[in-house]
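Peer 1: generate coordinates for the sequence data below:
(2 chains)
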Amino acid sequence: MLPAASIVEHLTAAGLAPWLALTVAIVVHAAFVLAFFGAVPAVAIWLERKVSGRIQDRLGPTRVGGKFGWLQGLADGIKAIQKEDIIPAAADSMLFRMAPYIANIAAFGGFMLLPFSRDWVAVAADIGLFILLAILSLEVVGIVMAGYASGSKWSLFGGIREAAQMVSYEIPLALCGLVPVLAAGSLNLSVIGEAQQGWFLPNWLIFHSPFAFVAFFVYFTVATAGSKRAPFDLAEAESELVGGFHTEYSTMRWVYFMLAEYGHMFLISGVAVLLFLGGWWIGLPFIDGPVAALRAEDGRTVEREYGRIDVVDPVGETATPLLHSSTSSVLPFSLGNYIGNLIGAIVLTFKAMLLVIVQIWVRWTLPRLRIDQVMTTCLKYLVPISCALFLGGVLWPLTLTSTIGRTTLFDWPAAWSEATPLRFAAAQGAGAARGRGGDWESGSTTSLIAPSPTPSLSPSSPAAEIAR
Amino acid sequence: MTDLVGHFLIFTLVIVAALAGPLVLGRLVRPHNPTREKLSVYECGEPTIGSSHVQFDLRFYVVALLFIVFDIEVAFFFPWSVIYGNAIHLSDERLPAVTAQNLHEPAAAARMTLSETLLSVPPGSLPVNETITADAARTFAWTGLVDVLVFFAVLLVGFAYVWKRGDLDWVRAVSAQVKRKATRPEPERVSVSEARVPVHN
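Peer 2: Model prediction:
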């Protein structure tokens, strides 16, 4: 799995037309992400069964696949394929069939913008978080569609409840997600993740200010509600609404709703990890440092990450002047870079899985809320709290910089961590050097960025010194 | 933009194909024996009564309206936060003013990079004397704060109004309405027995 830019560059350098190169690159991305999208629910559903078993003093599945019942999900899938496909006579057949697809398009589309490691992301858009939240909120359309099209009263109530719940919880979700964005000064998830390098204590954005610390917990609560997990699973509430929006769904179509739900859970946990919990960094510089050094072995002359990265330009302007104009270079494949990114992806997946386990734990521990409690929690508590957190996140650094001249409360010594603005400049500079900085759109920024910032403009060259 | 839209379209096609595959495969192996009972919708085992597209509570509609008010305004915070966050980084005194001499020191280079990001100019093209100083960035951040506070205040006034009106109350008991009516000073006298009559609409 390589970044879009690099696959496109390699293919174009090999002589493919730019549009064909882009299409092939996207298909490769989609295949990788699809494999991951299939693997995550398989693991998460198995975990859900084992964890719930433990919590209820049972064993959970033990037999399928030898030990621990780890192939139970596959067995269920095979069973579901063989079952009779029933669509109620009262249902709107077309919408009924479409609904699971829409829910999954939303969850899968979100993965498109989730960076697994610095260079491993399908689209490193500069408005990444914004688009991700926007695509993710499309899932509610699928749920409402399922509820409406089933032709059952239970389903309709479940769908309508889900709509009310999702649209309400979206507001605190966005406001809490903005607190780390304020600290990072970027919506690009790759930049936000990259900037949290160093010791975990001052550098992870959850520790950036007291408001960010609280914002993480509010974000996680709201995200749990957003993926309609207990105690907020009013849409399916089996004790009141039988099965809610999926009462009439069975076999594979029902499985697809579960797939979307677990995909959504992982995605929202991954975003939490990127925004608050250090992204792909372990948080210990003596481990992260060598990993970062490995990753830097990709052919770029790195003058230092403080924003000034001079890109070696072996091919020159032949490479994709249209698509990724600010880096007109093909970086050779480097094993070190690959391994560095792989380690990052493993760390991020591990952290996100831990948050998924917390969601499972919460589900089997807390009783379900009533619909009025769910709405009151959101509208009368979480919205004001997240508004206060947003204002706090705005005022905290401004107050510090106006009084003591720096944006963090403590001036960490150099060995402890780098100063905050240095880290963010480094991350943004790295983003810009890969051709993804500067504009609101994704990598294909042609208008504002010069066709090719050749080394003659970089500060190390004499020409640049004269130009200045 | 081509990148993003192309990704979204192809990702959509891929997931649709991936989901349709097992269903098509299942068509070959699964039975198909529909009966009238099987195809009826579930309503606790009883025969269903009337259409299932019943009228739902209007409270859900109010929530949807609230969402429109809030979420559109929250969407405007996103670009503002990016600019504000950059300005805050630039206002840090630990990054020295950039001169031609200290351009290669990490802290000065960081100020240069952040200035270029804030001004949306290509990396390496900003002249040294046009980098943003800490004082300028702080003034900019304060201006941005005032702007957003005005914006946020409008939002919060609307929120307070909605709260006061009782639109955020999910349970609107008749007794609560009566109590509110009783506390309101009214010219004509309402007898207690009259006020207790539940209002049917």
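
Peer 1: give me phi/psi at A:Ser186?
Peer 2: The phi and psi torsions at A:Ser186 (degrees, to the nearest 10) take the values phi -160, psi 150.

Peer 1: report how many residues lie close to it.
Peer 2: Close neighbours of A:Ser186, defined as other Cβ atoms under 10 Å in any protein chain shown, add up to 27. Using the backbone N, CA and C atoms, a C-beta is placed for each residue, glycine as well.

Peer 1: shouldn't it be in contact with B:Phe78?
Peer 2: No. If you go by Cβ atoms under 8 Å, A:Ser186 and B:Phe78 don't touch, sitting 11.0 Å apart.

Peer 1: show me where chain A has strands.
Peer 2: Per DSSP state E, chain A carries strands over the ranges A:301-304, A:308-310.

Peer 1: how about B:Trp142, nearest residue that isn't a chain neighbour?
Peer 2: Once flanking residues are discounted, B:Trp142 sits nearest to A:Leu398: 7.1 Å by Cβ to Cβ, 6 or more residues apart in numbering or on different chains.

Peer 1: the longest helix that chain A contains vs chain B: in contact?
Peer 2: Longest helix in chain A, counting residues (DSSP state H): helix A:18-55. Yes. Residues of helix A:18-55 contacting chain B under Cβ under 8 Å from any Cβ of the partner chain: A:Leu22, A:Thr23, A:Ile26, A:Val27, A:His29, A:Ala30, A:Ala31, A:Val33, A:Leu34, A:Phe37, A:Gly38.

Peer 1: dump those residues to CSV, plus pLDDT.
Peer 2: Shown next, in CSV, are the residues of helix A:18-55 next to chain B (pLDDT from 0 to 100):
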residue, pLDDT
A:Leu22, 80
A:Thr23, 83
A:Ile26, 83
A:Val27, 85
A:His29, 84
A:Ala30, 86
A:Ala31, 87
A:Val33, 87
A:Leu34, 89
A:Phe37, 89
A:Gly38, 86
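
Peer 1: now, of those residues, which are buried?
Peer 2: Buried residues within those, counting neighbours by 16 or more other Cβ atoms under 10 Å in any protein chain shown: A:Leu22, A:Thr23, A:Ile26, A:His29, A:Ala30, A:Val33, A:Leu34, A:Phe37.

Peer 1: double-check the fifth one against B:Thr12; I have them as touching.
Peer 2: No. With contact defined as Cβ under 8 Å, A:Ala30 does not count as touching B:Thr12 (9.3 Å).

Peer 1: got any residues that touch both of the two?
Peer 2: When Cβ atoms under 8 Å, 6 or more residues apart in numbering or on different chains defines a contact, no residue borders A:Ala30 and B:Thr12 alike.

Peer 1: pLDDT weak spots in chain A?
Peer 2: A:1-6, A:297-333, A:411-420, A:429-468 (pLDDT under 70).

Peer 1: picking that back up, show me what counts as buried in the longest helix of chain A.
Peer 2: Those would be A:18, A:21-23, A:25-26, A:28-30, A:32-34, A:36-37, A:40-53, for helix A:18-55 by 16+ other Cβ under 10 Å.

Peer 1: quick one: residues contacting the residue nearest to B:Trp142.
Peer 2: With contacts defined as Cβ under 8 Å, 6+ apart, A:Leu398 is in contact with B:Ile88, B:Ser91, B:Arg138, B:Ala141, B:Trp142, B:Leu145.

Peer 1: and if we set it to 7 Å?
Peer 2: By Cβ atoms under 7 Å, 6 or more residues apart in numbering or on different chains, the residues touching A:Leu398 are B:Ile88, B:Ala141, B:Leu145.

Peer 1: correct me, but the first one touches A:Thr407?
Peer 2: Yes. Using Cβ atoms under 7 Å, B:Ile88 and A:Thr407 qualify as a contacting pair, with a distance of 5.6 Å.

Peer 1: overlap in contacts of these two?
Peer 2: Counting by Cβ under 7 Å, 6+ apart, the common neighbours of B:Ile88 and A:Thr407 are A:Pro397, A:Thr401.

Peer 1: now the nearest residue to A:Asp233 once chain neighbours are set aside: how far from A:Trp361?
Peer 2: Leaving out its chain neighbours, the residue that sits closest to A:Asp233 by Cβ to Cβ, 6+ apart is A:Arg368, at 6.4 Å. Counting by Cβ to Cβ, to the nearest Å, the gap from A:Arg368 to A:Trp361 is 15 Å.
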